[in-house]
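Enquirer: Coordinates only, no sequence provided:
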């Protein structure tokens, strides 16, 4: 299993990303997507790799509430 530092950003429709709540957690997993599916609150909407090589997974409820997970090895 790989170890990741994960930035979890909870974004609500009123405040947007500017006023999101953020926390860092340590995660051991073989698959970031599998971790989010198992432990996330909402279904996955988007998954990508950013320019730094980090895996970014965005989940949401379709009504403006989003949770963005950034996995850094």
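Expert: In hand now; what should we look at? Bear in mind that the values here come from a model prediction, so they are computed numbers and not experimental data.

Enquirer: Okay, now the unreliable bits of this protein?
Expert: Along the chain, no part satisfies pLDDT under 70.

Enquirer: At which residues are the helices of it located?
Expert: Applying DSSP state H to the chain gives helices spanning 32-39.

Enquirer: how close does the spatially closest residue to residue 60 that is not a sequence neighbour get to residue 28?
Expert: Counting by CB to CB, 6 or more residues apart in numbering, residue 60 lies nearest to residue 66, which is 4.3 Å off, once chain neighbours are set aside. C-beta here means a position set from N, CA and C on the backbone, and glycine is covered the same way. According to CB to CB, to the nearest Å, residue 66 and residue 28 sit 25 Å apart.

Enquirer: Then residue 7?
Expert: In terms of CB to CB, residue 7 sits 16 Å off from residue 28.

Enquirer: So for these two, which residue has more residues nearby?
Expert: Just comparing residue 7 and residue 28: by other CB atoms under 10 Å the higher neighbour count belongs to residue 7, 16 against 9.

Enquirer: so what's that one up against?
Expert: Neighbour list for residue 7: 22-24, 68-70, 72 [criterion: CB atoms under 8 Å, 6 or more residues apart in numbering].
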